[in-house]
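# Give me a 3D structure for the following:
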Amino acid sequence: MKKIILAMFAIATCLTAQAQQSDSIFNEFKTAKDAEYVLVDQNMLNASKEKGLNVMDGKIQLGGEIPKNISSIQVLSLGKCSKKVREAVFDRVNSLKDKGYEELVSVMEGDSKVLILSRAEGDNIVEMLIYGFDKEDNDCALVQFRGSIKKKELEKMMQGGH
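Predicted coordinates:
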């Protein structure tokens, strides 16, 4: 019985540590010079269900479809931050691949970078991180979606279907 309790505690600790890893990136860099941070929690998502939200260019705008199972969205806009800050955020996000996050997309073309990671529990994606940097537009953002989305649902969304 003690072994079962210890095993359950170890699993709970690991899951908590994984969730805290991505949150620590937001917590560390949201106070960086020229960074902009927005959290859309469950209450805000519920209030906006009629109009929906779009997350574009590091901004959250009304109008658009929100998957029902999204519980929160965090946006960290880094376009005005120094190169050092943008690279540090990318390095931290990239390091999550070794800590329970799966790489869905990685594109590095010229001075542009896109990295999409997800964390799953069973058949559900419970967290998705999107890092995007475009030097030409001097735009950079990290977006986190939390919730519970079936992997097949996500595949449809990524292919443009609803």
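# surely Tyr37 meets Ile73?
No: judged on C-beta atoms under 8 Å, Tyr37 makes no contact with Ile73 at a distance of 11.6 Å. C-betas here are computed from N, CA, C, even on glycine.
# more crowded one of these two?
Each of Tyr37 and Ile73 has its neighbours counted (other C-beta atoms under 10 Å); Ile73 has more, 21 against 16.
# Would you agree that one is in contact with Ala141?
No: Ile73 lies out of contact with Ala141 (C-beta under 8 Å); the separation is 11.7 Å.
# Strands of this structure, start to end?
36-40, 53-56, 59-62, 70-77, 102-109, 112-121, 124-134, 139-150 (DSSP state E).
# Redo those strands as TSV? Include mean pLDDT.
TSV is the format used below for the strands of the chain (pLDDT from 0 to 100):
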stretch	mean pLDDT
strand 36-40	91
strand 53-56	54
strand 59-62	51
strand 70-77	90
strand 102-109	90
strand 112-121	91
strand 124-134	91
strand 139-150	90
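# any idea how far the closest residue in space to Tyr37 that isn't next to it in sequence is from Ile73?
In this structure, Tyr37 finds its nearest non-sequential neighbour in Lys30, 3.7 Å apart by C-beta to C-beta, 6 or more residues apart in numbering. For Lys30, the distance to Ile73 equals 14 Å [C-beta to C-beta, to the nearest Å].
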